[in-house]
Structures are given as C-alpha cells and as structure tokens.
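Q: pasting a predicted model and its sequence here:
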Amino acid sequence: MFDKLDKPFVLFGENHRGYDFVDTDNQTAEKIATQYALDRLYKRIIFIRIDINETIHYQGAGNQTPADHTASVNFTRRVSTDAVTGVKTYDPWSADQSFAAVKSPEVKGYTPDQAQIDKQ
C-alpha cells in the first residue's frame, strides 16, 4: 500500500477537514502514518463527548436574589469499530473533573441556608 510513497509522512495535527500530513524522513513517523492509514481503512473512529452542567439556583431575596451560578465540565472518549468484525473498542474517558466549591453570595439583610456548595 505504501510502496508508492517517495518518503514517509506523519500525522501533524487536526484541522476542520481532518488531518494534515507533513513530509519527514523519520521511521517513527512512518509507523505512525502506517497505523493511522490502517485505522482509517479498517476502523470507524468516533469521539463521544458528554457535557455535565451544574446550576445553583438562588431564591428568596426578591429583586435582590442573585443570578443563578452555572458551570460545566465535559468528558470525552474515543470509540473504534472494526469494519470487518464490528467489534467496538472503547478508550478510557478523559481525566476526572469536578465542580469547584461555590461560596453563597452575600445579600444585605439575608442569611443563606448554606454558606457554600462544596466541591463536587
């Protein structure tokens, strides 16, 4: 398959169309490019992303009620499906993430029922 190439190429980075390849004389680059090409021929690769949202809703202070606090984290993983056997291979999820602790806002004349929401 690669006997028609003048020299090996390497996966350089992603762009909106897919991957850019750059020329190189490095044998490691040839191995990477070969594996990438084989993966593209025999595997369907997708990336799964899950977004987790946190909303802290404040209430009870009339028009002084603070706006909601929102934050989000996301997790990703790669799933490869062998085009011949249909067997799926799941990479591990991205690194663990958590929501930071959030201190309750101060509103003059009001006391929050929780001083803060702990890290979760």
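A: Okay, I see it.
Q: so what's the nearest residue to residue 64 once chain neighbours are set aside up against?
A: Once flanking residues are discounted, residue 64 sits nearest to residue 107: 5.1 Å by Cβ to Cβ, 6 or more residues apart in numbering. Bear in mind the C-beta positions are built from the backbone N, C-alpha and C, glycine included. Listed by Cβ atoms under 8 Å, 6 or more residues apart in numbering, the contact partners of residue 107 are 61, 64, 65, 66.
Q: how close does residue 107 get to residue 120?
A: Distance from residue 107 to residue 120, counting by Cβ to Cβ, to the nearest Å: 23 Å.
Q: what of residue 76?
A: Separation of residue 76 from residue 120 (Cβ to Cβ): 20 Å.
Q: give me the beta-bridge partners of residue 47?
A: Residue 47 has these beta-bridge partners by DSSP bridges: residue 78.
Q: show me what contacts it?
A: Here residue 47 is in contact with 76, 77, 78, 79 (Cβ under 8 Å, 6+ apart).
Q: could those be laid out in TSV, adding neighbour count and distance to residue 50?
A: Output for the contacts of residue 47, formatted as TSV (neighbours: other Cβ atoms under 10 Å; distance: Cβ to Cβ, whole Å):
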residue	neighbour count	distance to residue 50
76	12	8
77	14	9
78	13	13
79	14	13
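Q: which of those residues sit farthest apart?
A: Distance extremes for the contacts of residue 47: the farthest pair is 76 and 79 at 10.5 Å, using Cβ to Cβ.
Q: anything in contact with each of the two?
A: Jointly contacting residue 76 and residue 79 under the rule Cβ under 8 Å, 6+ apart are 47, 48.
Q: that's a strand at residue 108, yeah?
A: No. Counting by DSSP: H, G, I helix; E, B strand; the rest coil, residue 108 is not part of a strand but coil.
Q: tell me the confidence at the residue nearest to it when sequence neighbours are not counted?
A: Leaving aside its chain neighbours, residue 108 sits nearest to residue 64 (7.6 Å; criterion: Cβ to Cβ, 6+ apart). pLDDT recorded at residue 64 is 94.
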